[in-house]
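[1] Got a predicted model here, sequence first, then my questions.
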Amino acid sequence: DQQVKQNSPSLSVQEGRISILNCDYTNSMFDYFLWYKKYPAEGPTFLISISSIKDKNEDGRFTVFLNKSAKHLSLHIVPSQPGDSAVYFCAAIDNSGNTPLVFGKGTRLSVIA
Amino acid sequence: GAGVSQTPSNKVTEKGKYVELRCDPISGHTALYWYRQSLGQGPEFLIYFQGTGAADDSGLPNDRFFAVRPEGSVSTLKIQRTERGDSAVYLCASSPFRDRGYNEQFFGPGTRLTVL
């Protein structure tokens, strides 16, 4: 049973526009959420995270929003650039620390020039 | 500095054979994780080491899978009697240990295992 769900397998956005990637989770014990970006033949690289005590975290063009009551988070990329084209994984962790990440299936973002 | 490295990058084997996959974590990272990413899926947890000991091996799918980290650095994931369903990318990640707060996991490029 998927505890972290990314229901859109792919997303296509024009360069310069906003990309919004969505993620839902079912485990209320999750207290830290992360987005990873993955290029082909490379491992996932950390992009941005948010603690469950916050509802927004911003880092440059990337903003993550968390709605705890809805068990939903989203990643906004604005403006989108062709180099952002990659697979984006939402991940969650419970009792922050040295425990494994639980990943969604990923969303493939294509930014069209 | 050097990141997490994994060897081989690709491994093709026949059903029933034994394989070993190696992970070199970032120097000084005490925590080491193995994940498996099947086609169309996100990475799924297999096993986690803190130092030399397996702190959590609940993700290993069955007793054909085993992992070691004898000196608290390099880890080897071992798969016996491989099956076609074992075909996947095997990812290793490491993180420094802190007793509180989230520790970022740094991933290697993965080993793509194909069982024919």
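    Looks like it arrived, so ask away.
[2] Am I right that residue B:60 is in contact with residue B:48?
    No - shown here, residue B:60 and residue B:48 do not form a contact pair, counting by Cβ atoms under 8 Å, at 10.7 Å. C-beta here means a position set from N, CA and C on the backbone, and glycine is covered the same way.
[3] Out of these two, name the residue with the larger neighbour count.
    More neighbours surround residue B:48 than the other of residue B:60 and residue B:48, with 24 against 18 (other Cβ atoms under 10 Å in any protein chain shown).
[4] tell me the contacts of the more buried one?
    Residues counted as contacts of residue B:48 (Cβ atoms under 8 Å, 6 or more residues apart in numbering or on different chains) are A:98, A:99, A:100, B:31, B:32, B:33, B:34, B:54, B:55, B:56, B:57.
[5] Can you say which of these are buried?
    Among the contacts of residue B:48, the ones that count as buried by 16 or more other Cβ atoms under 10 Å in any protein chain shown are A:98, A:99, A:100, B:31, B:32, B:33, B:34, B:54, B:56.
[6] Centroid-nearest residue for chain B?
    The residue lying closest to the centre of chain B (Cα atoms, centre = their mean) is residue B:34, at 3.0 Å.
[7] before we move on, the earlier item: just the contacts of residue B:48: which are in helices?
    In helices, defined here by DSSP state H, there are no members of the contacts of residue B:48.
[8] ok, of those, which one's closest to residue B:68?
    residue B:54 (8.5 Å; Cβ to Cβ).
[9] For chain A, what lies in contact range of chain B?
    A:4, A:6, A:9, A:32, A:36, A:41-46, A:49, A:51, A:89, A:91, A:93, A:96-106 (Cβ under 8 Å from any Cβ of the partner chain).
[10] go again using 10 Å as the cut-off
    Residues of chain A lying close to chain B by Cβ under 10 Å from any Cβ of the partner chain are A:2, A:4, A:6, A:9, A:31-34, A:36, A:38-39, A:41-46, A:49, A:51, A:87, A:89-91, A:93, A:95-106.
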